[in-house]
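**Student:** Whatever this is, show me its structure:
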Amino acid sequence: MPVPSAATFARLADLIAIPDAADRPTRSVVEAFTGKELATVPVGTAQDAKDAIARARVAQKEWAKRPVTERAAIFHRYRDLVLENRDALMDMAQAETGKSRAAAQEEVLDISMTARHYARVAPKLLRPRRISGMLPGLTKTVVRYQPKGVVGVISPWNYPMTLAVSDAVAALLAGNAVVLKPDSQTPYCALACVDLLYQAGLPRDLFAVVPGPGSVVGTALVENTEYLMFTGSSATGQLLAEQAGRRLIGFSAELGGKNPMIVTAGANLREVTDAAVRACYSNSGQLCISIERIYVEESIAPEFTRLFGERVRNMKLGAGYDFGIEMGSLVSEAQVKAVSSHVDDAVVKGATVVAGGKARPDLGPLFYEPTVLTGVPEDAECYRDETFGPLVSIYPVADVDEAIERANDTEYGLNASVWAGTKAEGEAIAARIHAGTVNVDEGYAPAWGSTGAPMGGMGVSGVGRRHGDDGLIKYTEPQTIATTRILNLGGPRGLSPKVWAKIMPPFVKALQWIPGR
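**Tutor:** Have a look, this model is predicted:
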């Protein structure tokens, strides 16, 4: 049976960092496909979070003493365990979120790829780095990377495995401890992944999971940790950034997006159509980097709209723990209402429904059809606001310049997709788009999956970057150690300050001829 067993939920519940969890108030966790209760989860308090942080701080001091190669070995084992347990992880992801099997597999593969990448590069990135000193020969300067301490991670419900664990992988490899507040709708996804980390050899107090309300547990994290990583809405991100700023602690966030796709007259429309389905409706559109706006040159807009609309109308929508279904359900009634509101508002104001446009309670309580709109007016809610669901609008444009201008006409700047007649043309367009990642001839996966490259948003779409070198170094405090040798800057003993002052300017000027200075 694909739905995780009661014994599985009970075993994972024992991993929650709340000592007297059995005596606490609980919250139901339901199967998104059916609305049936899967399990309950204890509701943590601010004190629970503080206690977990205190235990993590003790564990972190010992963890930081371990050689980086020893830390990395744990994550190499973790990578293998994730792949070995991929079916059980995908079952849990589908049960709690209602996503399709393919979207669940994306999470599992991403965790494995991220763990592999950082386990491989962390020893080199964290190695003390010798740089040219102030006065070559007289000074030696080394940059070391000290861990921040305890990192707080607040993860969302839409990708509750990879966004709970992948950021933590980098923080842990950098020598930190982590306290995680998973979303209340999807706590067991996080626990299933953390369980494998413990099996790989990670000390339990080093990575603690404390479920509970964001206003309580999340606030305790931002008030008591040394760094906060958040994935969620732009509005919540702005509030957390203010709180982090008051304490002068590091803060990084991936936030919302109203992501555009540009299709030029030279593009292969059948290829675009198939890719656009992935780009727009993966995880039922509940993906920060999914496409919600498509700008198509006027000469091909009717044909593209016909092909895309036909493809979307024929998508297989339903509940199932196998790969035969293209799109699953939404995660909550609130999401269904949000999508319905955007569609209904646009239609009332003059938009045309090309495909979809209605909820499907016959399939389950949280299903909504993949939807395509045209003729969306500027006063419609979905014109500028993020829907975060299976709703996409098509806009004909006169030329590429107009497409770029309209793509950039937003406060967001997370991801974009470009389709043109040639790769070179697509890359030239991509360079003009105001977004942290741009995919040429795909929707989102290549940029996201390039774990060696930074990923994040411009504008209100985020602060800082995950992935790449930045995704690990941000969890450290770079420390410069400069050692003076032979003589100090006061000059040789017995030499008058006046003579030494005359010697120094030509000496400093001569430094320009030394390579690297």
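**Student:** residue ranges for the strands of the stretch 51-200 of the chain, please.
**Tutor:** All strands of the stretch 51-200 of the chain, identified by DSSP state E, counting those that start in this stretch, fall at 129-131, 139-147, 150-154, 177-181.
**Student:** for the stretch 251-400 of the chain, same thing?
**Tutor:** If DSSP E, counting those that start in this stretch is used as the criterion, the strands of the stretch 251-400 of the chain fall at 259-263, 291-297, 352-355, 371-374, 391-397.
**Student:** Just say which of the strands of the stretch 51-200 of the chain is most tucked in.
**Tutor:** Burial of the strands of the stretch 51-200 of the chain is given as mean neighbour count (mean count of other C-beta atoms under 10 Å); strand 177-181 ranks first at a mean of 30. Bear in mind the C-beta positions are built from the backbone N, C-alpha and C, glycine included.
**Student:** Parallel or antiparallel, which strands does that one pair with?
**Tutor:** Strand 177-181 sits in its sheet next to strand 150-154 (parallel), strand 207-209 (parallel), going by DSSP bridges.
**Student:** what's the angle between that strand and strand 139-147?
**Tutor:** Strand 177-181 and strand 139-147 meet at an angle of 40 degrees, taking axes from the mean of the first three to the mean of the last three C-alpha atoms, to 10 degrees as the criterion.
**Student:** Ser166 is in contact with Leu172, correct?
**Tutor:** No. Using C-beta atoms under 8 Å, Leu172 is not in contact with Ser166; the gap is 11.0 Å.
**Student:** buried residues in the strand or helix carrying Met504?
**Tutor:** Assigning secondary structure by DSSP states H and E places Met504 in helix 497-510. Buried residues in helix 497-510, counting neighbours by 16 or more other C-beta atoms under 10 Å, are absent.
**Student:** same question, stretch 448-461
**Tutor:** 448-451, 453-461.
**Student:** returning to what we had before: distance from the chain centre to the helix holding Met504, please.
**Tutor:** Distance of helix 497-510 from the chain centroid (C-alpha atoms, centre = their mean, to the nearest Å) equals 52 Å.
**Student:** so for it, what's the average pLDDT?
**Tutor:** Helix 497-510 carries an average pLDDT of 77.
**Student:** Need the contact partners of that helix.
**Tutor:** Applying C-beta atoms under 8 Å, 6 or more residues apart in numbering, the external contacts of helix 497-510 come out as 135, 490-492.
**Student:** Please save the CA atoms from that helix in CSV.
**Tutor:** These are the backbone C-alpha positions of helix 497-510, laid out as CSV (Å, rounded to 0.1, in the frame of the first residue of the first chain):
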residue,chain,number,x,y,z
PRO,A,497,60.0,57.5,12.1
LYS,A,498,60.8,60.3,9.7
VAL,A,499,63.0,58.1,7.5
TRP,A,500,60.6,55.2,7.7
ALA,A,501,57.7,57.5,6.6
LYS,A,502,59.8,58.5,3.5
ILE,A,503,60.6,54.8,2.6
MET,A,504,57.0,53.6,2.8
PRO,A,505,55.3,55.5,-0.1
PRO,A,506,57.7,54.3,-2.9
PHE,A,507,57.6,50.8,-1.4
VAL,A,508,53.8,50.8,-1.6
LYS,A,509,53.9,52.2,-5.1
ALA,A,510,56.2,49.4,-6.2
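**Student:** In JSON lines, list the strands paired with strand 177-181 along with distance to Lys258 and mean pLDDT.
**Tutor:** Converted to JSON lines, the strands paired with strand 177-181 look like this (distance: least, C-beta to C-beta, whole Å; pLDDT from 0 to 100):
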{"stretch": "strand 150-154", "distance to Lys258": "22", "mean pLDDT": "98"}
{"stretch": "strand 207-209", "distance to Lys258": "32", "mean pLDDT": "98"}
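**Student:** CSV for the strands of the stretch 251-400 of the chain, including mean neighbour count?
**Tutor:** CSV is the format used below for the strands of the stretch 251-400 of the chain (neighbours: other C-beta atoms under 10 Å):
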stretch, mean neighbour count
strand 259-263, 28
strand 291-297, 24
strand 352-355, 18
strand 371-374, 24
strand 391-397, 22
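**Student:** Is it possible to get a markdown table of those strands that adds distance to Ser184?
**Tutor:** Shown next, in a markdown table, are those (distance: least, C-beta to C-beta, whole Å):
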| stretch | distance to Ser184 |
| --- | --- |
| strand 259-263 | 27 |
| strand 291-297 | 26 |
| strand 352-355 | 33 |
| strand 371-374 | 28 |
| strand 391-397 | 25 |
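**Student:** among those strands, which is nearest Thr484?
**Tutor:** Nearest to Thr484 among the strands of the stretch 251-400 of the chain is strand 259-263 (52.3 Å), distances taken as C-beta to C-beta.
**Student:** Note down every partner strand of that closest one and its orientation.
**Tutor:** Counting by DSSP bridges, strand 259-263 is paired with strand 291-297 (parallel), strand 415-419 (parallel).
**Student:** between that strand and strand 391-397, how many degrees?
**Tutor:** Calculated by the same axes, to 10 degrees, strand 259-263 forms an angle of 40 degrees with strand 391-397.
**Student:** hey, which helix or strand in the chain has the poorest pLDDT?
**Tutor:** Scoring the helices and strands of the chain by mean pLDDT, DSSP states H and E places helix 497-510 at the bottom, with a mean of 77.
**Student:** Setting aside sequence neighbours, what's the nearest residue to Trp157?
**Tutor:** Asp183 (3.9 Å; C-beta to C-beta, 6 or more residues apart in numbering).
**Student:** Show the backbone phi and psi for the one you found.
**Tutor:** Note on Asp183: backbone dihedrals following degrees, to the nearest 10 are phi -60, psi 140.
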